[in-house]
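Student: Fold the following.
(one chain, ligands or ions: 1)
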Amino acid sequence: MSILGGKKILLGITAGIAAYKTASLVRLFIKSGAEVKVVMTPAAKDFITPLTLSTLSKHPVHSSFTNEEDDNAVWNNHVDLGLWADLFVVAPATANTLSKMSNGTSDNLLLATYLSAKCPVYFAPAMDLDMYKHPSTLQSFEKLKNFGNIMIPATSGELASGLVGQGRMAEPEDIVTFIESDILDKLPLRGKKVLITAGPTYEAIDPVRFIGNHSSGKMGFEIAKAAANKGAEVILVTGPTYQKVSHSLIHVKPVVSAQNMYDEVHKHFKTTDIAILSAAVADFTLKEVATQKIKKTSNTLVLELEKTKDILASLGDIKKQQYLVGFALETNNELENAKGKLTKKHLNLIVLNSLNDKGAGFKTDTNKVTFLDDKGNVTAFQLKSKTEVASDLLNKIISEIDA
Ligand code: CTP
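Tutor: Residues are numbered from 1 along each chain as shown. Down below sits the predicted model:
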């Protein structure tokens, strides 16, 4: 999934010939997982029909303050549209509209919406080459950039006038890529590599049986999504689970046993900035795995187990720049045990969850956690969804690594 997935994009279309390309732009935004609404200037309707855009965006398209097709005129609320949007993209942006935007003119719905919008605003200019170079247009660009709006520069090429030069609206694919990179570059974990373990491990007994546990992997997957949504490149090492994730920044590395997980984690740890080990790793594994299926010939069966390697402790022993986070699932003396693990395994942070808390632990969608950090801070949270817990955890880590 693209970083635009789930975002609400308001597309503002003004009266330039490049408006015909906005049909593709709407489709690309939707393909990237965004929801799109369109607002246009009245003159833009000469270049592309509202019907095309409403069909593609699956939302009504507005171009005036009242709904003119409706006998009982309905007011199209520009404030609501502006507040709805996570991003406002004006494309194509004509010299006329850019000038009005930079001067606070609001004589159409698109401009009033621009003045009401609180979200980031992108504009993709499109005009003839001489208009693009005119000091007045350059002044509009500068003013808008000073307001914090983001310009998606026009490209050079043949223009509608037949002249060749700068002024062609960036191609729809390039507009999408530009916005995606801009959002990613501003995220707090951009450039950071986060290593996460999730799920259970399965320790083979024979070719058909194994020792496992009830971990669903949900907590680890939520942490992976939260980290990727904050711009990190994520390596998600997961034991067998039904969880699914599709995100361009998450690289899933499926493993089965504790030893597989240990090996995979160590492949990536050196270049990792943050490691969060949430997997429920088996503490014991079979000393010897039977090569054939064990037959039920005797009344009892004794399996000899040996300790697995503690992955978290092994990382604590070798860590350098890495911020290391572990989990502790406890049933008694929770705080004391968690503090003990924090120190013993050389962690920066430990997330404690107690099996005594209703709604915490395995197979639930919720968790109730307490963070204990290496500076002695203890923060207890209410019962929350695992998505919210993941977000709290990432926010805590970001505040610590920024400090
Ligand atoms: N862990 C690990 N490798 C193991 C066992 C545990 O990386 N072989 C990690 C888990 O992912 C978790 C943390 O260690 O982040 C705590 O696991 P937990 O089972 O609660 O604690 P243990 O240290 O194994 O101690 P005990 O089972 O005695 O409570």
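Student: how's the protein carved up into domains?
Tutor: The chain breaks down by automatic domain parsing into domains covering 8-185, 193-401.
Student: which residue sits closest to S391, ignoring its sequence neighbours?
Tutor: A226 (5.2 Å; Cβ to Cβ, 6 or more residues apart in numbering). To be clear about C-beta, it is placed using only N, CA and C from the backbone, and glycine gets the same treatment.
Student: scratch that, G16
Tutor: Nearest to G16 is P92, by Cβ to Cβ, 6+ apart, at 3.9 Å.
Student: now swap in D373 and tell me
Tutor: Distances taken as Cβ to Cβ, 6+ apart put L349 closest to D373, at 4.9 Å, once the chain neighbours are dropped.
Student: Give me the distance between the one you found and L342.
Tutor: 8 Å (Cβ to Cβ, to the nearest Å).
Student: quick one: common contacting residues for these two?
Tutor: 326, 372-374 (Cβ atoms under 8 Å, 6 or more residues apart in numbering).
Student: Show me which residues of the stretch 201-350 of the chain sit near the ligand.
Tutor: 258, 277-279, 281, 283, 308, 310-312, 326-329, 341 (Cβ under 6 Å from any ligand atom).
Student: Which members of these occur in helices, if any?
Tutor: Among these, the members found in helices (DSSP state H) are 258, 311-312, 341.
Student: TSV for the domains of the chain, including mean neighbour count and mean pLDDT?
Tutor: Shown next, in TSV, are the domains of the chain (neighbours: other Cβ atoms under 10 Å; pLDDT from 0 to 100):
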stretch	mean neighbour count	mean pLDDT
domain 8-185	18	94
domain 193-401	18	95
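Student: show me what contacts the residue nearest to D373?
Tutor: L349 neighbours (Cβ under 8 Å, 6+ apart): 323-326, 342, 371-374, 396-397, 400.
Student: What is the nearest of the residues you listed to K287?
Tutor: Nearest to K287 among these: G326, at 26.4 Å, using Cβ to Cβ.
Student: tell me what the longest helix anywhere in the chain is packed against?
Tutor: The residue-count maximum for a helix in the chain (DSSP H) belongs to helix 386-402. If you count contacts as 3 or more Cβ pairs under 8 Å, 6 or more residues apart in numbering; DSSP states H and E, helix 386-402 packs onto helix 218-229, strand 274-277, strand 323-330, strand 349-354, strand 366-367, strand 369-373.
Student: State the distance from the residue nearest to the spatial centre of the chain to the ligand.
Tutor: Compute the mean C-alpha point of the chain, and by Cα atoms, centre = their mean the closest residue is N229, 2.1 Å away. Separation of N229 from the ligand (Cβ to the nearest ligand atom, to the nearest Å): 22 Å.
Student: for F269, same thing?
Tutor: On the measure of Cβ to the nearest ligand atom, F269 and the ligand end up 12 Å apart.
Student: which residue sits closest to that residue, ignoring its sequence neighbours?
Tutor: Spatial nearest neighbour of F269, excluding adjacent residues (Cβ to Cβ, 6+ apart): L315 at 5.8 Å.
Student: Equivalent analysis for V74, please.
Tutor: N67 (4.2 Å).
Student: again with K230
Tutor: In this structure, K230 finds its nearest non-sequential neighbour in L189, 4.2 Å apart by Cβ to Cβ, 6+ apart.
Student: okay but the one you found is in contact with A226, surely?
Tutor: No. Checked against Cβ atoms under 8 Å, the pair L189 and A226 is beyond contact range at 9.5 Å.
Student: any residues in contact with both of the two?
Tutor: L394.
Student: Who are the contact partners of F327?
Tutor: 219, 277-278, 350-353.
Student: what about 6 Å?
Tutor: 278, 351 (Cβ atoms under 6 Å, 6 or more residues apart in numbering).
Student: Okay, and the beta partners of it?
Tutor: Beta bridges link F327 to V351 when assigned by DSSP bridges.
Student: what does A275 give?
Tutor: Under the criterion used (DSSP bridges), A275 bridges to L195, L324.
Student: list the contacts for it?
Tutor: By Cβ under 6 Å, 6+ apart, the neighbours of A275 are 195, 315, 322, 324.
Student: Among the residues you listed, which one sits closest to the ligand?
Tutor: Closest approach to the ligand among the contacts of A275 (Cβ to the nearest ligand atom): L315, at 7.8 Å.
Student: What are the phi and psi values at that closest one?
Tutor: Note on L315: backbone dihedrals following degrees, to the nearest 10 are phi -70, psi -40.
Student: show me what contacts it?
Tutor: Contact analysis of L315 by Cβ under 6 Å, 6+ apart lists 269, 275, 324.
Student: Just the CA atoms from stretch 131-140 would do, formatted as CSV, please.
Tutor: Taking Å, rounded to 0.1, in the frame of the first residue of the first chain, the C-alpha atoms of stretch 131-140 are listed here in CSV:
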residue,chain,number,x,y,z
MET,A,131,3.2,33.3,-18.2
TYR,A,132,5.3,30.8,-16.2
LYS,A,133,8.3,33.1,-16.3
HIS,A,134,6.4,36.4,-15.7
PRO,A,135,7.5,38.2,-12.5
SER,A,136,3.9,38.3,-11.3
THR,A,137,3.6,34.5,-11.6
LEU,A,138,7.0,34.0,-10.0
GLN,A,139,5.8,36.2,-7.1
SER,A,140,2.7,34.0,-6.7
